[in-house]
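Enquirer: please find the sequence and the predicted model below.
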Amino acid sequence: MLVELFFFYFAAAVIGLSLMVITRKNPVHSVLWMLLLFFHIAGLYLMLNAEMMAAIQLIVYAGAILVLFLFVVLLLDLKKEIGEEQYVGVWPTGVAVAVALFTLLLIMTRSFVAGPHGNITIERVRELSHPGVVGRAMFTEYLFPFEVASLVLLVAVIGAIILAKKRIKE
Amino acid sequence: MVPVTWYMALSAAVFAIGVFGFVTRRNVIIMFMSVELMLNAVNINLVAMSHYLEDIRGQIMVFFIKAVAAAEAAIGLAIIIALFRNKPTAHIDEIKEMGG
Amino acid sequence: MESLVMNSLSYPILSVVTFLPIAGGILLMLMPRGNDNLARFGALAVTVVTFLLSLPLFTAFDRSTWKMQFAEMSPWIPDWNINYAMGVDGISVLFVLLSTLVGILCVLISWTAVKEKVKEFHVAILIVEGAMIGVFCSLDMFLFYIFWEAMLIPMFLLIGIWGGPGRLYATIKFFLFTLVGSLLMLIGIITLYLKLGGTFFIPELAAKAGSLPIGLQTTLWLAFFAAFAVKVPMFPVHTWLPDAHTEAPTAGSVILAAVLIKMGAYGFLRFSIPFFPEATKAMAMPMMVLSVVGIIYGAVICFAQTDLKRLIAYSSVSHMGFVTLGIFAMNTQGLEGGIIQMINHGVVTGGLFLMVGAVYERTHSREIAFYGGMAKPLPVYATMFLILTLSSIGFPGTNGFVGEFMILLGGFTKNRMIGLFASTGVILGAGYMLWLYRRVFFQDVSDNVAALADINGREMAAVLPMLFLVFWIGLNPDAYLGFMHATVEHLVAHVNASGGAAQLAQISQIIEPIGGGR
Amino acid sequence: MNFQMSDMAYILPETIMAVCAMLLLVADLVIHDKKVTAWLSLAIVGATMAFTMSVPVGTAFSGMVVSDRYATFFKMVFLINAALTILVSGAYFSARKEEHGEYYILMLFATLGMMMMASSGDLMSLYLGLELMALSTYVLAGFLRRDIKSNEASVKYFMLGAFSSAFLLYGISLIYGLTGTTQLAGIAKMLGEGTITGNPVLLAAIVMFVVAFGFKVAAAPFHMWAPDVYEGAPTPVTAFMSVGPKAAGFAVMARVFVAAFASELAGWSALLAMLAVLTMAVGNIMALGQTNIKRMLAYSSIAHAGYALIGVIAGTAQGVAAMMNYMMIYAFMNFGAFAVIILLDRNGTGFDGLDDFRGLSKTRPGIAFIMLLFMFSLAGIPPTAGFIGKFYLFTAAVNSGHVYIVIAAAIFSAISAYFYLRVVRLMYMEAPDSEIMCACEPVRVKIVLAVTAAAVVLIGLFPDALVSLARGSASVFRG
Amino acid sequence: MGITATHMLIPGLPLLAFLINGLFGARVIKEKAHWIATLAVAGSWLLSVLTVMDVLGGKTYYGDVYRFLTSGSLQLAVGFCIDQLTVVMLVVVTTVSTLVHIYSIGYMHGESGYWRFYSYLSLFTFSMLMLVMSNNFLQLYFGWEAVGVCSYLLIGFYYNKESAAIAGKKAFIVNRFGDFGFALGLFLVFINFGSLDYRTVFAALQNWQSPVLHIAGFDIDRITLIALLLFCGAVGKSAQFPLHVWLPDAMEGPTPVSALIHAATMVTAGVFLLARCNPIFNMSHSAMMVVAITGAFTALFAATIALVQTDIKRVIAYSTISQLGYMVLACGVGAYSAGIFHLYTHAFFKALLFLGAGSVIHAVHDQDIRNMGGLYRHMKTTAITFWIASLSISGFPLLAGFFSKDEILWLTYASHGSLGKVLWMVGTLVALLTAFYSFRLIFLTFHGQFRGGHEKEHHLHESPSVMTIPLIILCVGSVAAGWVGLPPALGFENHFAHFLMPVVGHPEAHGSHGEELMVMLLSIAVGLAGIGAAWMLYGKKSDIPDRMAAALNGVPYRWLQNKYYVDEFYDAVIVRPVIWVAKNVLLPVTDGAIIEGIVNGVPKSIGWFGEKLRSLQTGVVHHYATIMATGAFALVVLALALMGGR
C-alpha cells in the first residue's frame, strides 16, 4: 500500500512538474522546475531498484545538461521573448494531438503483455550491487555501443565547437 | 506492488506533455526541454520494464539515452547559439525563410 | 528456340541496323560544334549506310516461314532472365526497312530547314531511328520496352527544340500521353513476366500467355491497350497527335507519321493478339467500334481545320482507324491489310509531311488560307502532292487503295455494319483531301506563293522514294504482302486455336511466385 | 559474453574509419591547405571501402553487430556517397570561405554512423549509430554559420530530428517491454511465436518505428523538414543528406521491419503502403510548382523515398533487393543532379533558381546533356539507371501482390516526368538569360559528374552486375 | 482463248503515251504532245477494230495476265475479258477518243498545259479501256476510280478558275458516294462467292440460293442487296438521280473532255456495269425494278431541267443525263442489248453535239445561248452536223438515235406488267421533251439574229478543219451507226442484239409486231411534235417563251431553272451539317472541351492541389511537428483499425 502511495505521489509530482516546465514564460524558471522534476524521477528509479540510474539522473541530467541549458539561457538575451506570445497559433491543435496521443497510449497499455523474464533478479542485484550489475553488463555485452556512445560525444564536442565558436577574423 | 502498466501510463503522460510542449511553445529552449521530457518518459518506461522483466538491458539503454541526450544538448544549444547570432530571437516560428 | 531462324548473313544485320545509327549519333555528339555541314553529311552517310545494310532484309527474307528470322540471341541480364534477342518476322520486317528509309529522308528534308543546333538535331534523328528499329526487332519484352521508351527522349527534344511556336506544350503533351500509357503497359509486362515463369522472350510468352485465365488476360490486355492506343493514336486519346504533328519540325512529323505511330498498331499485332487471343476476341468488337469512330471522327474534324499539318494529323487519326479496324477484324485480309496500310500510311503521310515541310521552309506558314493556286508556280510539287493525295484517299493503283480495300473487305467480312460505317471514311477522306488540294493548289494564285521556287533536287530526292513506293505497293502489292502471308496465317491459326485455352488455364493454374527471376 | 579480439574483424572497416578520422582531426590542426584534408579523408573512405569489401560475415559483440552482405552493400552506398560528397565539397566551401577540416571529419563520422546502422543487430547499436549520423548531419547542415538559411536548416533538422528520435525511443521501450530484448534476432524469434501478434502495444511500437524511420527517409507525413533543410543546407551537404541518411534509414527499415517484425508483415506493410502512396503523391505533386532547383530536388527525393518504400512493403528478399538496387541507383543519379548544381554555382553566389537553367544547352552543352541524363533517370525513362531501379521495384511489388501500389507509382512517375522535363525544357528549349560565368571549374566536381553520369548510363544498359549483387546481398532475408 | 499481246496493247498504248507525256511533257515535248497521244489512241483504235473482227468471227478471249494481290482466299489479278460486250465498248471508246484527240489539236491549241491535257486524255483512255476490258470486279473498280480521277483532273483543267476547281472536286466526291455502294457490293460479292472474277462469280450464281437478310426492319434478298449496291456505283458514274448533280458542273472542263468523258464514254460506264453484271441483276426482280424506275425518272427529271437551261453545254449535259436514264431504263427492263445499243449510238451523236458546241464556243467565246443566234451563216459545217445530231437524238426516223431509242421504248412497253407501260409513257414523254429542248437549242444558237453584239459578230468564223473533220466523221456515225440494229418489226434482223446475246441474253417481248409499230410511230410523232413546238416557240420570232416564263415564274419555272434545288438540298443536308458538326461540335466540344478539357484539366487540378498542399509547408517547425504527431496518431489508429485484436 505504501509503495502505491509513494508511486502516486511521485507520479502526480512528475506530471505536475512536467506541466510546470513547459508552461513557464521564463526559460530559467523552466530549468529550475525541471531540476525538481529530475529529482522526482530519480525517486521513481529508486523505487524500481535502479540506484545507479537515479544517481546518473541527478549527476548527468541535473548536474550537466541542465547547467548547460542554464548557461545558454543566460547567454542569450531573451527579455524580448518573455514579453511576447508564448504559444504558436495552432496550440489548440497541439493540445488536441497531445491529448489524443495520450489517450491512445493509455488505452493501449491495458493490453500490455510483458515479455519473458531475464536473469537479473533482485537477489542478484543485491548480491552484486546495482552499479556492479550495470558495470558488468556495460563492459561485456554492451561494450560496442558504449564505444559508439563515446564517438557520439566526440561528435557533439566537435560540432558544438564548430558551430558556437566565435567568428574567425578574416 | 505497483503494476508496470502504471509506470507506462505515467510515461505516456509525460511523453504527451513533451509532445504538447514541443508543438506549442514558441521558445526554442523550452521546445528543447520538451524533447528532454519525452526522453525522460522513455527512460521511466525502460527502467520500469527492466525492473519487471528482471533484465538489465533497459537500464543500459537508459544510460545510452542519457549520453546521447547530453550530446544532443551540446549540439542543439550550439545550433541555437549560431542561429541567435544571425537572427537574435528564440521564437523559432519566426524563422521561416523557407517554405512552400 | 524452335521459333527462331538464326541470322546466317555475314553480319548481325539487326544489331547493326539498330545500333549503327545510335553509334553514329553518339559519335556525332562527341564531335565539336560549329561544323554544320559535317553533321549533315555525317548523318546522311550513317543513314544511307544503314539503309544499304538493311536491304538484305528485303532480299534474303524467307517468306515461307512465320518464324523469327535473322535472329540473334545472347544473355543480357541473366539475373532476370533477360536476353538480348533480336529477330524479325513478316509483321516487323517491313517496318525496319521503312525506318531505315525514313531516316535518310529526314536528313535530306532538314538539310537547309534546320539552322540551329544542327549537330544536336542530327544526333536526335539518328538515335530515334535506331530506337525505332530496335522496337521492331526486339524479341525480348524488356528490350522492347527499353527501345519503346528510349525513343521518347530524342523525340521529346526534336519537337521541343526545333518545333514551331507551340512546341513546348506539344512536346510535353506528347511525352506525358505516351508515358502514362507506357507505364501501364510496363505493369502489364511485369505481371506477364511473373505469371509465366519469369521470361521476357516474346515467342515464349506468345506460346504460354494464352493459358492465363480470361480475367487476367483481359486486364493485361487493357494494360497493353493503354500504351498502344495512345501511340496509334485511337480515339479518344488522339489529341496529342495534332499538336505534336503540327509543332514538330518536318523531320519530326515525318518520323511520327511514318514510323512512330505505327508502333501502337505493331504492338497490337505483336503482343495483344498473340498473347491474349481470348481477350482479344472479347475486345475485338469494342476495338472495331472505336476504330470506326476514329475513322469518321478524324475525317469529319478535318473539315474544320485551317492548318495544313493539323489537317494531315487528323487524317492520320482516321487512317490509323483503318489500320486498327483491319487488325481487329482478325481475318487474313484484315490483318494483312492493316499491316500493309501501316506501311502505306507511313509512306503517304510521311510523304505529305515531307512535302509540307519543303514548302513550309519557304513560306513559314501552315495556314491553308495562306496558300492558293500553287499548281501554277510549283507544277512539279503540285503533281507530287496530288499523287500522295490520291494515295491518301485510296485511289486504285496507289498503295492506299490496296490497304483500304483489304481492311474494308476484312472488316466487312467480320461485321457488315462495321464495314459499312468504316467505308464512309473513304468518302469523307476524299472530301477533305480534295478540299485541301483545291484550296492549296487550285484557284487564284495567292500572292504569298506566286514567287516561290518549285521543289528542288534535294527535296525531290527526299520525296521520290515515297512516290516510288506509292506505285510499287499500289501496283504490285504481292511483293509486300508476300512477306506477311506465313506470319499472318500463323497468327490467325494461333488465335483460332485458342478456344479451349481458358479452361485449360483454370486447371493448371500456373501462377507461381518468381523469386528474383531464377 | 566478454569481448574477444576476433570480434574486431567484423568491425574492422568502422574501426579504421573511426581511428583515422580521429587522427585526421588531430592532424588537421597542422594542415593549412584544407584540400589536403579533403584528399586524406577521401583516402580514408577509400581504405574503408577496401576493407568493407573483404569483411567477414558473422555477428559480433553479443549480437550488437551483424556483418553480412546486406550491410556491406549499404556500406558501399554510404561510402560512395561520402566519397562523392568529399569531392564536390572543397570548391563549394572554399568559395564561401568556410572550408574547415572539421567538415570532413564530421562527414566521416556521419558515414560511420550510417555504417553502424546498416550492420546493427540490436536496437541499441541502431540507436547509437543513428544518433552518430544524425548529430553529425545536424552540424553539417548548419555548416555555413553566417548563412541564416543554413542556420534555419540546421535548427529545423535538429529539432524535428530530436523529436522523431524520441518517438523511436518510445517504440524501442515498448518493444523491449513486450519481448524482453532489444536484439533484432531475439525480437524476431519472440514475435515469431505469435503470442502477441496484433497486440495494440506492438502495433503502437511499430508505428513509432515507422515515424522515426519515416522521418529519416523523408516519407510523408514525416517529410516536412526535408524541403526546408535541403534548401537551406550547403548544397554538398544537401546532396550528402539526400542520399546517405535516406539510404541508412532504408537499411535499418528493412532490417527492422522485414527481418525483426516479419511476423507482423501484414500490419506494417499496410501502413507503409499508405505512407508510400502519400509520399509519392506529396513529393511529386509538390515538386511541380517549385522554382528552386534544390527544393524541387528535395521533393523529388521525397518522392523517391516513396518508390523505394515499395520494395520494403513487398516484404520479401526480392523487394529488399529491389530497394537496395534502387538506393544505389538513386545515389548516383540524385548526387549527379546536385553535382551539376554545385558546378554551376556562380562563385558562391548561389545557383538555385530553376530559371538559372534557361538556355544551358547553349552556354554549357556538356553539362546540360549530363543534367538531361540525370533528369530522365530520375523520371525513370529507359535506358537510364532510374528505369532499372523502378522496374525492379515494380517487379518485386507485383510479385508480392501489391499491384495497386505499383499502379499508383506508375501514375506518379508520369507526373514526376513533368517537373523533370521542365528542367530539360528550360535547358534545351529556351534562350539563355545571360552567360553563365563559372570562374571555378573544379576538376573534382567534374570527376563526380563523369562518374555519376557513367554509372547512370552503364547501370541503365548493363544492370546485371548491380542487380545480382543486390539480390545476393538481400538473400539474408527470407522470403 | 487466252489474252494476247494485241489485247494488252489496246490499253497499253495510251498508257505509254501518258507516261511519255507525263514525264517529259513539261520540258521536252510541250506543244507536240498531241502527236504521241493521238498516235497511241489511233493505234488502240486500229487494234480494237482488229479485235472486233476477231470477235465477229465468233472468238472470245478471257484470261489473267498479272497476279496482283494475294491474301488468304482473296486472289486478285489483272486480266482481260474480250467478248461481244467488250468490243462494242472498245469501238465506242477508241473511236470517240481518237476523234476527240484530233479535235483537241485545234480546240486546245495554245492553251497552257497542252501536254498536260493530252497526258490526261491518254490516261483516261487507258483507264476506260481497262474498265471495259476487265475480267474481274476489282479491275473494273480500278478503271472506275481511275476514270473518275481523270475526270477530276480534266474538269479542273482550268484550275485557276474557282468554279472549275470546285466542280472537279464535286464530281469526284459525288462519285465517291456511288463508289461507296459499289465497293460494299464488291465486298458482298467476295464474301458470298469467294472471288471477284466474273466467270467464277457468274458461274457460282447458277445454283445459288440467296439468303434473306434483315436490314433495318426489311427483309431483303442478299442478291438484291448486292445488285443494288453495285447499282449505286452505276448511279454515281452514270449520273442518275440522285447523284446526277456532278455532271452539269463537270461542264467546267474543256469541251472535248465533255464530249469524250461526260457524254460518250465514262458516264456510260454505269450502263456497261449493269450490262456486264446482268447475271446478278437478272436474279433480282426488285433490283431490276429499282433500276428501271431510277432510269425513267432520271430521264424525265433531267429532260425537264434541260428545257430552261441557257448554257449551251449544260443543255447538252442534262440531255446526256436524260439519255443515260434511257439506257439505265433499258437495263432495268432487261433490255441490256438495247441499252448498250443506245449507248453506242448516243456516243456518236452526243459527242458530236458536244464537239459542235465546242466549235461554237470556240467561235463565240461564250456559252450562253441567249448571246448567240444566227451562227448558221458563219459556221455551216458545225451547224449542219449539229442539226443531224439533234435529229438523231430526237429520234428522227432512220438516224442512229431513232433505232436505239425505239428499241428501248418498245422493250419497255413490252416488258411484263403494268409498270412497263407506265415507264414507256414516261419514256415517250421524254422523247417529246428531248426533241423540244434539242431544237430549242438549235434555233436559239444557229438561227435568228446574232445577239452577242456586232463587235463579236465580226470575229465569228468556222473552226479549223482539224476540228470539223471529227465532226463530220461523227456525223456519219450519228446517221449510220444505228443501221446495225434494225428493228425486227420492220422485217429486219437485229444484228446488234444478236451479236450481244451471248453476253446479255435477250428479253422476251410481250407484244406483237403491230404494237411495236405503234410504239415506233408514236415516238416519231412526239419527236416531230417536239421539233415543231420548238420551232413554234423559238424558230419563229415569238414572245411566247418569255410570257410562259413570266406566267410560270412560280414554282415550276424557278424550280426548273434551279434544277429542282437538288444541289441546295445536298448542301443543306450533307455538306453543311458535316462542316458544321466539324466546326461547332467536334473541334470545340468533343476535342476541345471534353477530351482536351480532361487532358489539360487533370494536370491543372493536380497543380491546384499542389498549391493547396504547399500552403501546409509553412516553414514553421511547430506545424511540421504537429503534422508529424498527428501522423503518428493517425497511423496508430489506422493500425489498430486494420490489425487490432487479431
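Expert: Noted; the coordinates are in hand.

Enquirer: gap between the strand or helix carrying E:F180 and the chain center?
Expert: Using DSSP states H and E, E:F180 maps to helix E:162-193. Once both centres are worked out by CA atoms, centre = their mean, to the nearest Å, helix E:162-193 turns out to sit 10 Å from its chain's centre.

Enquirer: where along the stretch 301-450 of chain C do the helices fall?
Expert: Secondary structure of the stretch 301-450 of chain C (DSSP state H, counting those that start in this stretch): helices at C:308-329, C:332-363, C:379-392, C:399-414, C:416-441.

Enquirer: quick one: distance of the helix or strand of chain A with the lowest mean pLDDT to the chain centre.
Expert: Taking mean pLDDT, DSSP states H and E as the measure, helix A:79-83 is the helix or strand of chain A with the lowest mean score, a mean of 80. Distance, stretch centre to chain centre, for helix A:79-83: 27 Å (CA atoms, centre = their mean).

Enquirer: which other helices and strands contact the host helix or strand of E:W410?
Expert: Mapping E:W410 onto the secondary structure by DSSP H and E places it in helix E:400-414. Based on contacts counted as 3 or more CB pairs under 8 Å, 6 or more residues apart in numbering or on different chains; DSSP states H and E, the elements that helix E:400-414 packs against are helix E:312-332, helix E:336-364, helix E:380-393, helix E:418-446, helix E:465-480, helix E:513-534. To be clear about C-beta, it is placed using only N, CA and C from the backbone, and glycine gets the same treatment.

Enquirer: now do the second one: distance to the chain's middle.
Expert: So that's helix E:336-364. The chain centroid and the centroid of helix E:336-364 are separated by 15 Å, computed with CA atoms, centre = their mean.

Enquirer: then the fifth one?
Expert: The chain centre lies 24 Å from the centre of helix E:465-480; the measure is CA atoms, centre = their mean.

Enquirer: list the buried ones in it?
Expert: If you call a residue buried by 16 or more other CB atoms under 10 Å in any protein chain shown, then helix E:465-480 has these buried ones: E:M467, E:T468, E:P470, E:L471, E:I472, E:I473, E:L474, E:C475, E:G477, E:S478, E:V479.

Enquirer: do the same with the fourth one
Expert: For helix E:418-446, a neighbour-count test (16+ other CB under 10 Å) marks E:419-420, E:423-424, E:426-446 as buried.

Enquirer: point out where the chain drops to low pLDDT.
Expert: Reading this off chain A. For chain A, applying pLDDT under 70 flags the ranges A:166-170.

Enquirer: switch to chain D, please.
Expert: Across chain D, the ranges flagged by pLDDT under 70 are D:1-2, D:346-350, D:434-441, D:479.

Enquirer: again, 80 this time
Expert: Flagging of chain D using pLDDT under 80 yields the residue ranges D:1-4, D:345-352, D:433-441, D:478-479.

Enquirer: can you give me the strands for it?
Expert: D:58-60, D:65-67 (DSSP state E).

Enquirer: can I get these in JSON lines with mean neighbour count and distance to E:F180?
Expert: What follows is the strands of chain D, written out as JSON lines (neighbours: other CB atoms under 10 Å in any protein chain shown; distance: least, CB to CB, whole Å):
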{"stretch": "strand D:58-60", "mean neighbour count": "17", "distance to E:F180": "82"}
{"stretch": "strand D:65-67", "mean neighbour count": "24", "distance to E:F180": "78"}
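
Enquirer: still on that earlier bit, tell me what the helix holding E:F180 is packed against?
Expert: For helix E:162-193, the contact count by 3+ CB pairs under 8 Å, 6+ apart identifies helix C:399-414, helix C:416-441, helix E:137-155, helix E:198-206, helix E:222-237, helix E:246-249 as packing neighbours.

Enquirer: list the buried ones in it?
Expert: Under the neighbour-count rule (16+ other CB under 10 Å), helix E:162-193 has E:162, E:164-190, E:192-193 buried.

Enquirer: ok, now stretch C:209-226?
Expert: C:209-214, C:216-226.

Enquirer: kindly report the same for stretch A:132-149.
Expert: Of the residues in stretch A:132-149, those scored as buried under the neighbour-count criterion (16+ other CB under 10 Å) are A:V133, A:V134, A:A137, A:M138, A:E141, A:Y142, A:L143, A:F144, A:P145, A:F146, A:V148, A:A149.

Enquirer: which of the residues you listed fall in strands?
Expert: Among these, no residue falls in strands (DSSP E).
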